[in-house]
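[1] no sequence for this one, just the structure:
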Ligand SMILES: C[S@@+](CC[C@H](N)C(=O)[O-])C[C@H]1O[C@@H](n2cnc3c(N)ncnc32)[C@H](O)[C@@H]1O
């Protein structure tokens, strides 16, 4: 019973008793005025009855999480979080953000306050929630990209699943996603850094070809593990290439690595071997099964005598890894991507292409994110 009443309080907290919302009152500080209104026990018991609805409580909690993420998305994309780096009043925000619809800003702020992502003191709003704070910190961009991807392209995979299951056309968003995917893909950087260190550290020469280089983060990690490393990153997506070039410049690595715009499957004189390492991180599912043999053979021919091929990616989850399963759902919903291959399918492919030795790295418990270092002898 006590637990149910606690849950009821939580319900009240989220919805607010009548009049708690600042919307319509024109004043955020009106929140404080309502705090003293006592809750009537009769209504508490009615809430408890509502909460007895089977399944309601867990769904309500998930829904709150979703609302919170929606708030963070809007607050990030509208510049609100940036503007609140310094606490300020609503009128200042209207000016800073050049807001044309103050009611909508008011509504967004109200969600932020109710979700406790924002706080208010002496009429000045500030960022209160851990998630919003992290996003505004250095390095928070990857998390912002994760939320943006989840609520846009990933969300679309589920929203359109019903008609696509019946043969409806797959999405063609891949070209628009390059920048976002490259920002989001940085999530695996610490693992990739260690994986690469085991391959490149202490080896000279170390010429690298990073296929589908995205943000260019892999080249930076390779350089951190081996300052002699040089090479090329290639990406087919213009926005990803722009991002990688900017990053490589910013990291002071422009004299070590060149970023080439192009399709790795097509001959390109800027991508000439031999390479001591060719890396394919989160890439194979951009190629149809029938094209993968040709791709791997083409890359194999560019390896130096002792050169290795390194593949790292989420493999098919088979019901065990929600991250990989979610990615697979997106892959199967978009034109230009394929379902995630299983680890066995990848190792068989590499064997077929002449890679007789393989080291397999299992990166995380409960995850199907694997690394494979493949050698020809
Ligand atoms: C999921 S992202 C991974 C980015 C990066 N490797 C990482 O793990 O952070 C895959 C990248 O491969 C690129 N790509 C796909 N097909 C390609 C091709 N045929 N040639 C070059 N790049 C390609 C995409 O544009 C995208 O930037």
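    Right, received. Where do you want to start? Remember, predicted model here, so these are calculated numbers, not experimental data. Residues are numbered from 1 along each chain as shown.
[2] buried set for stretch 296-305?
    296, 299-300, 302-303 (16 or more other CB atoms under 10 Å). Bear in mind the C-beta positions are built from the backbone N, C-alpha and C, glycine included.
[3] element containing the most far-flung residue of the chain relative to its centre, please.
    Relative to the centre of the chain, the most outlying C-alpha is that of residue 42, 45.3 Å out, by CA atoms, centre = their mean. According to DSSP states H and E, residue 42 maps onto helix 41-51.
[4] need the next SSE after the host helix or strand of residue 144, C-terminal direction.
    In the assignment (DSSP H and E), residue 144 maps to helix 141-149. Using DSSP H and E, the helix or strand that follows helix 141-149 in sequence is helix 155-159.
[5] how distant is that next one from the center of its chain?
    Computed by CA atoms, centre = their mean, to the nearest Å, the separation of helix 155-159 from the middle of its chain amounts to 15 Å.
[6] and the contacts of the helix holding residue 144?
    Helix 141-149 is contacted from outside by 69, 72-73, 76-77, 131, 134-135, 177, 180-181, 183-184, 186-187, using CB atoms under 8 Å, 6 or more residues apart in numbering.
[7] drop anything exposed from those residues.
    By 16+ other CB under 10 Å, the contacts of helix 141-149 give 69, 72-73, 76, 131, 135, 177, 180-181, 183-184, 186 as buried.
[8] cross the residues you listed against strands and list the overlap.
    Among the buried ones among the contacts of helix 141-149, no member is found in strands (DSSP state E).
[9] so of these, which two are at opposite extremes in space?
    131 and 177 (22.7 Å; CB to CB).
[10] returning to what we had before: is the ligand contacted by the helix holding residue 144?
    No: applying CB under 6 Å from any ligand atom, one finds that helix 141-149 is not in contact with the ligand, the shortest distance being 10.2 Å.
[11] please compute how far that helix lies from its chain's middle.
    The chain centre lies 5 Å from the centre of helix 141-149; the measure is CA atoms, centre = their mean.
[12] do you know how far residue 347 is from the ligand?
    Look at residue 347 and the ligand: by CB to the nearest ligand atom, to the nearest Å, they are 20 Å apart.
[13] residues from the protein in reach of the ligand?
    178, 181-182, 185, 211-215, 217, 234-237, 240, 263-265, 281-283, 286.
[14] of these, which belong to strands?
    Counting by DSSP E, these place 211, 234-235, 281 in strands.
[15] just among the residues you listed, which is most surrounded?
    residue 235 (28 neighbours; other CB atoms under 10 Å).
[16] which strand residues bridge that one?
    For residue 235, the beta-bridge partners are residue 261 (DSSP bridges).
[17] so it sits against residue 258, correct?
    No: with contacts counted by CB atoms under 8 Å, residue 235 stays clear of residue 258, the gap being 12.0 Å.
[18] what segments of the stretch 201-350 of the chain are strands?
    In the stretch 201-350 of the chain, the segments counted as strands under DSSP state E, counting those that start in this stretch are 207-211, 230-235, 257-261, 275-281, 303-314.
[19] give me the contact list for stretch 73-92.
    28, 72, 93, 96-97, 105-106, 108-109, 112, 117-118, 121, 123-127, 132, 135-136, 144, 147-148, 151.
[20] which among the residues you listed count as buried?
    28, 72, 93, 105-106, 108-109, 112, 117-118, 125, 127, 132, 135-136, 144, 147-148, 151.
[21] ok, the closest residue to residue 117 other than its chain neighbours - contacts?
    Of all residues not flanking residue 117 in the chain, residue 129 sits nearest, at 3.5 Å (CB to CB, 6 or more residues apart in numbering). Each residue near residue 129 by CB under 8 Å, 6+ apart is listed here: 68, 115-118.
[22] again, but for residue 69
    147, 150-151.
[23] let's go with 7 Å and repeat that
    147, 151 (CB atoms under 7 Å, 6 or more residues apart in numbering).
[24] show me the helices in the stretch 101-250 of the chain, by range?
    102-114, 130-136, 141-149, 155-159, 161-165, 174-184, 189-200, 217-225, 238-250 (DSSP state H, counting those that start in this stretch).
[25] show me what the last one is packed up against.
    Spelled out, that is helix 238-250. In terms of contacts (3 or more CB pairs under 7 Å, 6 or more residues apart in numbering; DSSP states H and E), helix 238-250 is packed against helix 174-184, strand 230-235, strand 257-261.
[26] how about these in JSON lines, adding distance to residue 323 and mean pLDDT?
    Listed next are the helices and strands packed on helix 238-250 as JSON lines, based on distance: least, CB to CB, whole Å; pLDDT from 0 to 100:
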{"stretch": "helix 174-184", "distance to residue 323": "12", "mean pLDDT": "86"}
{"stretch": "strand 230-235", "distance to residue 323": "23", "mean pLDDT": "97"}
{"stretch": "strand 257-261", "distance to residue 323": "28", "mean pLDDT": "97"}
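[27] about what we covered before: can you tell me which of the residues of the chain next to the ligand are buried?
    178, 181-182, 185, 211-215, 217, 234-237, 240, 264, 281-283, 286.
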